[in-house]
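>>> this is a predicted model, with the sequence first.
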Amino acid sequence: MSRVAIDPFESLPQVMQQMKRPGLLLTCGKEGNPITIGWGNVGVIWGKPVFSVLVRPSRYSFGLLEENGDFSVSIPEAGDSAMAKAVAWCGSHSGRDGDKWAGAGISKEPGITIDIPYVAECPIHYECRRLHVNDIKETTLDRNVATTHYPDGDLHRVWWGEILGAWKVG
Ligand SMILES: Cc1cc2nc3c(=O)[nH]c(=O)nc-3n(C[C@H](O)[C@H](O)[C@H](O)COP(=O)(O)O)c2cc1C
């Protein structure tokens, strides 16, 4: 299906709504391992549109992002129950154990500006290039956040990706 370029901020309401539930699909690595994410930011930093995503070191995706910092973020259609199931599946299975595309029943499309596929069934997607990474540090983190979200460590690394483009189904 053909895609048309959009302003990356035009689709912010959908991004924020879907991030809450069911989550977004971050794809990374050459084969585009899809991982469900529920946290992230879209904004402007260094004069560029930026999508920041948080991934824990324990994820298979973490190593893929370390090898190649490019990534896509695919935004599911609101109310698409089949996609919601696929997103939940990608959030509870690891690429270490096999091909998540087949497991979740979703299909890949080659990236438009990067060599990372995005999720064909999602009507909107972003393509990003790593500008910076940093780790969440317990020493500087709010105590309540630390105890609530990191009782076992595994603190997130943040990837700050320049949004090279955003597209929707044309
Ligand atoms: C709704 C939801 C949101 C999630 N958000 C994140 C997130 O922002 N960062 C993260 O590292 N894991 C998050 N996860 C967990 C990963 O998606 C999950 O551990 C996944 O199986 C990792 O896949 P991988 O090992 O193939 O990378 C989330 C899971 C769900 C269900």
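Looks like it came in fine.
>>> wait, what's in contact with the residue nearest the centre of the chain?
Residue closest to the mean C-alpha point of the chain, counted by CA atoms, centre = their mean, is L26 at 2.5 Å. By CB atoms under 8 Å, 6 or more residues apart in numbering, the contact set of L26 is 34-37, 53, 55, 61, 71-74. Yep, even glycine has a C-beta here, placed from its N, CA and C like the rest.
>>> tell me the two of those that are most distant?
The distance between the two most remote of these (CB to CB) is 15.5 Å, for V55 and S74.
>>> mind saving the C-alpha coords of stretch 5-19 as CSV?
What follows is stretch 5-19 as a C-alpha-only set of coordinates in CSV (Å, rounded to 0.1, in the frame of the first residue of the first chain):
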residue,chain,number,x,y,z
ALA,A,5,4.7,11.8,3.8
ILE,A,6,3.1,13.8,6.7
ASP,A,7,4.3,16.4,9.2
PRO,A,8,5.6,14.3,12.1
PHE,A,9,3.6,16.3,14.6
GLU,A,10,0.3,16.0,12.7
SER,A,11,-0.3,12.5,14.0
LEU,A,12,0.7,13.3,17.6
PRO,A,13,-2.8,12.6,19.0
GLN,A,14,-2.8,9.1,17.5
VAL,A,15,0.7,8.5,18.7
MET,A,16,-0.1,9.5,22.3
GLN,A,17,-3.4,7.7,22.4
GLN,A,18,-2.0,4.4,21.0
MET,A,19,1.1,4.6,23.2
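>>> does anything pack onto the strand or helix carrying W167? Which helices or strands?
Using DSSP states H and E, W167 sits in strand 157-169. On a contact count with 3 or more CB pairs under 8 Å, 6 or more residues apart in numbering; DSSP states H and E, strand 157-169 meets strand 3-6, strand 48-55, helix 60-67, strand 124-135.
>>> can you list the strands that it pairs with?
Applying DSSP bridges to the sheet, strand 157-169 is found paired with strand 3-6 (antiparallel), strand 48-55 (antiparallel), strand 124-135 (antiparallel).
>>> is the ligand within reach of that strand?
No: judged by CB under 6 Å from any ligand atom, strand 157-169 and the ligand are separated, with a smallest distance of 8.8 Å.
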